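K.L.:
sequence plus predicted model, see below.
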Amino acid sequence: MKRIRFKRLLIAGSFLLMLQARAEAIGTLQTESSIYGSVHDSDAVNLIPNGDFSKGMTGVIPEGWQAEAKRSSLSPHFSKIVEGGQGRLLIEGNGRPDAVGYIQTKMSLLLGKTYLFSVHFRISASINPQRNLLFECAGPDNLDGIFTYTKAADGWVDGKAKIFFPGTGTGKAAIRILFRFSDTGRVTIGNISLAPTTPVLPRWVRVACTSGIPTLVEIPAIANKAAADKTDLLLLPEYMNGENNYETLGGPSCTLMSQLAREYHMYVAGGILRRVDSLDRIYNTVVLYDRNGEFAGMYDKIHPYSPEVNESGITPGNKTLVLQTDFGKVGFMTCYDSWFTDVAELVALKGAELILFPNAGYYRSLMPARATDNNVRILASSLYVKDGIWDTGGRDVLNPDSDSSSFMQAGQTFKEVKSIQIGKMNLLIASLDLNFSPSPHYNGGTMSSSPAGRRNRRDQLYYPDHDIIREKERWWTE
């Protein structure tokens, strides 16, 4: 009898636990439903009240929105209009080139969730969305926004970003549409939306670089060791076959890289002195081969070291390169390029997530600046200086806590770092998350962080680029 009674108590207890779990689940669904509407149809959910601007009178600010400007003399004009039976938000400059102001609305959301923040708008010819517009989502512990745009049909523009709000329970968020630095520009907002979506998952890539002076005979052992550690990309140094061996793309270095890439099914890159017989020219070139051993692309060094040009007759390159691989976009700079800001900046603006940096020697202390200025990762292989890998916050994976002035967003940008001695060579390997790109100064959100290469975080009226070019061309002193 006691065994039967005990068994019944177990069954009853299990049933009560099941009911409790079900009640908690229903409570969670009810909480989500009260905020989202139908949580099973998130594509149709827009948490932003009047995000389609259908409510309110024409000629005035749409219902549920409020205009803000620190100084009223700078405020743009915000009003609802109707086009083709659809409500729109019209924003116009007020005649001042330093105009700045925003319109905002607020709503509740669940914390610990990821949201798709999107906007659909049209602009007049004088408007550059990256310069004149900001779309901000300000919530608990995160001030984020939209940083990338694509052209849609009929002159419309789409912007999207996934935003995560940490924490538990519910919180308040503010949506802000900022207009600035245009005296006569016009922007028509069709709709703006914030809806639950899937989280951003890590996108890990395993990369390897070297230090030391290799020979073509020694490189296969390095590639074998990298491949054994499941490396996706191996970078060899500048002058991988010596500083006096000129060769073509069909020469021994390229043939070896192609063979190793195919054998180990990984990307392989390295620097050669490339001979072009038809032009009687020599270039300092980085060549990349894909996982099948096929030629993927090459970059000719834009800033050769002065003795390379003056004494060795190296011809400078005339274009940067960004290549799409199966794990992400890579750009290139070589050795002396790193002393200048332009190559790293341009390849980053073109979308590079990782810069391959073969060199003979380099100043390691420059690398945090090159990485953080441009929000890229850097992979450095060197003949005479220690190898190195830096994340977008400028952290050396071998010594990530060396700079106490870094205040990065919490999270893992790299993992599984290994430094392996192979004869006289060193092999440095690490995994990098290409989907997590924090800047060194987070300040509570991307919109308040250091600019880190983002086009629409350049809050300026004056762009010195043209004056810099003019000063570079000026040969006389004043």
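P.N.:
On my side now, so go ahead.

K.L.:
ranges for the strands of the stretch 351-478 of the chain?
P.N.:
Assigned by DSSP state E, counting those that start in this stretch, the stretch 351-478 of the chain shows strands spanning 354-359, 377-382, 388-390, 414-422, 425-433.

K.L.:
quick one: distance of the fourth one to the chain centre.
P.N.:
Per C-alpha atoms, centre = their mean, to the nearest Å, the displacement of strand 414-422 from the mean C-alpha position of its chain is 24 Å.

K.L.:
now what about that strand, what contacts it?
P.N.:
204, 206, 218, 221-222, 225, 229, 389, 391, 395, 397-398, 400, 426-433 (C-beta atoms under 8 Å, 6 or more residues apart in numbering). Where you see a C-beta, it was placed from the backbone N, CA and C, and this is true even at glycine.

K.L.:
on that earlier part again, with mean pLDDT, distance to Asp280 and mean neighbour count as new columns, can the strands of the stretch 351-478 of the chain be given to me in TSV?
P.N.:
Formatted as TSV, the entries for the strands of the stretch 351-478 of the chain read as follows, by pLDDT from 0 to 100; distance: least, C-beta to C-beta, whole Å; neighbours: other C-beta atoms under 10 Å:
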stretch	mean pLDDT	distance to Asp280	mean neighbour count
strand 354-359	98	25	27
strand 377-382	98	29	26
strand 388-390	98	36	25
strand 414-422	98	38	14
strand 425-433	98	34	22
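
K.L.:
got CSV for those strands, with distance to Ile302 too?
P.N.:
Below are the strands of the stretch 351-478 of the chain laid out as CSV (distance: least, C-beta to C-beta, whole Å):
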stretch, distance to Ile302
strand 354-359, 13
strand 377-382, 17
strand 388-390, 21
strand 414-422, 28
strand 425-433, 25
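
K.L.:
mind checking which of the ones you listed is nearest Ile192?
P.N.:
Of all the strands of the stretch 351-478 of the chain, it is strand 425-433 that lies closest to Ile192, at 29.2 Å by C-beta to C-beta.

K.L.:
could I have that closest one exported to PDB, CA atoms only?
P.N.:
Taking Å, rounded to 0.1, in the frame of the first residue of the first chain, the C-alpha atoms of strand 425-433 are listed here in PDB:
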ATOM      1  CA  MET A 425      58.700  29.500 -38.000                       C
ATOM      2  CA  ASN A 426      55.800  30.400 -35.700                       C
ATOM      3  CA  LEU A 427      52.200  29.700 -36.600                       C
ATOM      4  CA  LEU A 428      49.500  31.800 -34.800                       C
ATOM      5  CA  ILE A 429      45.900  30.500 -35.100                       C
ATOM      6  CA  ALA A 430      42.600  31.900 -33.800                       C
ATOM      7  CA  SER A 431      38.900  31.800 -34.500                       C
ATOM      8  CA  LEU A 432      37.200  35.100 -35.200                       C
ATOM      9  CA  ASP A 433      33.500  35.900 -35.100                       C
END
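
K.L.:
tilt between that strand and strand 377-382?
P.N.:
Counting by axes from the mean of the first three to the mean of the last three C-alpha atoms, to 10 degrees, strand 425-433 lies at 170 degrees to strand 377-382.

K.L.:
so what strands line up beside strand 425-433?
P.N.:
Sheet pairing here is set by DSSP bridges, and for strand 425-433 it gives strand 204-211 (antiparallel), strand 414-422 (antiparallel).

K.L.:
which one of the ones you listed lies closest to Leu356?
P.N.:
With respect to Leu356, and counting by C-beta to C-beta, the nearest of the strands paired with strand 425-433 is strand 204-211 at 8.6 Å.

K.L.:
tell me what the helix or strand that comes right after the closest one is packed against?
P.N.:
Going down the chain from strand 204-211, the next helix or strand is helix 219-228, by DSSP states H and E. For helix 219-228, the packing partners by 3 or more C-beta pairs under 8 Å, 6 or more residues apart in numbering; DSSP states H and E come out as strand 233-235, helix 252-264, strand 414-422, strand 425-433.

K.L.:
can you show me the helices along this structure?
P.N.:
Remark: helices assigned in the chain by DSSP state H are 2-36, 129-132, 219-228, 252-264, 306-310, 342-349, 367-374, 465-473.

K.L.:
ok, back up a step: dump the strands paired with strand 425-433 to TSV, plus distance to Val287.
P.N.:
Rendered in TSV, the data for those read as follows (distance: least, C-beta to C-beta, whole Å):
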stretch	distance to Val287
strand 204-211	16
strand 414-422	22
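
K.L.:
Asp433 and Arg203 touch, don't they?
P.N.:
Yes: Asp433 sits in contact with Arg203 when judged by C-beta atoms under 8 Å, with a separation of 6.3 Å.

K.L.:
so who does the closest residue to Lys55 other than its chain neighbours touch?
P.N.:
With C-beta to C-beta, 6 or more residues apart in numbering as the measure, Glu63 is the residue that lies nearest to Lys55, at 4.0 Å, once sequence neighbours are left out. When the contact criterion is C-beta under 8 Å, 6+ apart, the partners of Glu63 are Asn50, Lys55, Gly56.

K.L.:
dihedrals phi and psi, Glu63?
P.N.:
Glu63 has phi and psi values of phi -60, psi 140 when expressed as degrees, to the nearest 10.

K.L.:
got a pLDDT number for it?
P.N.:
The confidence metric pLDDT takes the value 97 at Glu63.

K.L.:
quickly note the distance from it to Gly87.
P.N.:
When distances are taken as C-beta to C-beta, to the nearest Å, Glu63 and Gly87 turn out to be 10 Å apart.

K.L.:
list the residues that contact both of those two?
P.N.:
Lys55, Gly56.

K.L.:
and Leu201, what's its pLDDT?
P.N.:
You'll see Leu201 listed with a pLDDT of 97.
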